[in-house]
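S.K.: Have a look; sequence and predicted model below, questions after that.
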Amino acid sequence: EPEVTQTPSHQVTQMGQEVILRCVPISNHLYFYWYRQILGQKVEFLVSFYNNEISEKSEIFDDQFSVERPDGSNFTLKIRSTKLEDSAMYFCASRDHEPYEQYFGPGTRLTVT
Amino acid sequence: AQSVTQLGSHVSVSEGALVLLRCNYSSSVPPYLFWYVQYPNQGLQLLLKYTTGATLVKGINGFEAEFKKSETSFHLTKPSAHMSDAAEYFCAVSDWGNTGKLIFGQGTTLQVKP
């Protein structure tokens, strides 16, 4: 069964450093998303991506964040200058046009020290 | 704007007992509703979904949920809890009329006691 994959599973970085989180969505899916989950809190939407552009972003997704689909398979989230409060689990998800359920990757745990 | 409220951040049941996890939603459009499960240190797995049609939906692992428009609810149930059901459960509503993003509730941790 096709699945969403994410790398790395765990990333430790120092405050102020740039990180890139990578995702490979399900191959025939058209819509891509990033979510984050701070420890003990709910899953929050960050950004959605469709037709090679951002279709919506949340208040969390400020200028420090960017997304890219550099080729036909990868979908990346970049944080330019990490802060302590960026420490969280980051989930990538994808879906087809219909139905509307999203398929989630296993997540990348980002720890900013 | 859409929102989801899950009543009870922590639910504890005995093995074999009924599981009931509560979810209420707010939506300005007919809602598309989902339940996801998260096992420790894992991602989110879709349990079941409601979009249109039959209001009682069945999912994986013996779970089911009933969409009740009049109560704006989508509670998750399982007749008999198993130890392996211990996990975090998230109810979500889809912003399907826009970008399809999911809006999640706070989550409910299900503990199953032997």
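M.R.: In hand now; what should we look at? Residues are numbered from 1 along each chain as shown, chains lettered A, B, ... in the order given.

S.K.: ok, residue 7 - contacts?
M.R.: Went with chain A since none was named. Listed by Cβ atoms under 8 Å, 6 or more residues apart in numbering or on different chains, the contact set of residue A:7 reads A:22, A:108. C-beta here means a position set from N, CA and C on the backbone, and glycine is covered the same way.

S.K.: that's the other chain; I wanted chain B
M.R.: B:22, B:23, B:24.

S.K.: and if we set it to 7 Å?
M.R.: Counting by Cβ atoms under 7 Å, 6 or more residues apart in numbering or on different chains, residue B:7 touches residue B:22.

S.K.: Give me the pLDDT for residue B:105.
M.R.: Residue B:105 is assigned 96 on the pLDDT scale.

S.K.: shouldn't it be in contact with residue B:5?
M.R.: Yes: contact criterion Cβ atoms under 7 Å: residue B:105 and residue B:5 qualify, at 6.1 Å.

S.K.: Among these two, which residue is more densely surrounded?
M.R.: Each of residue B:105 and residue B:5 has its neighbours counted (other Cβ atoms under 10 Å in any protein chain shown); residue B:105 has more, 25 against 14.

S.K.: Distance check, that one against chain A.
M.R.: Per Cβ to the nearest Cβ, to the nearest Å, residue B:105 is found 7 Å from chain A.

S.K.: centroid residue for the chain?
M.R.: Looking at chain A here, since you left the chain open. In chain A, the residue lying closest to the centroid (Cα atoms, centre = their mean) is residue A:34, at 3.3 Å.

S.K.: um, chain B though
M.R.: Mean-position check on chain B, Cα atoms, centre = their mean. Result residue B:35 at 3.5 Å.

S.K.: Using the three-state scheme, assign that one.
M.R.: Counting by DSSP: H, G, I helix; E, B strand; the rest coil, the backbone at residue B:35 sits in strand.

S.K.: OK, contacts around the nearest residue to it once chain neighbours are set aside?
M.R.: Excluding its sequence neighbours, the residue lying closest to residue B:35 (Cβ to Cβ, 6 or more residues apart in numbering or on different chains) is residue B:47, at 4.3 Å. Residue B:47 makes contact with B:35, B:36, B:37, B:59, B:60, B:63, according to Cβ under 7 Å, 6+ apart.
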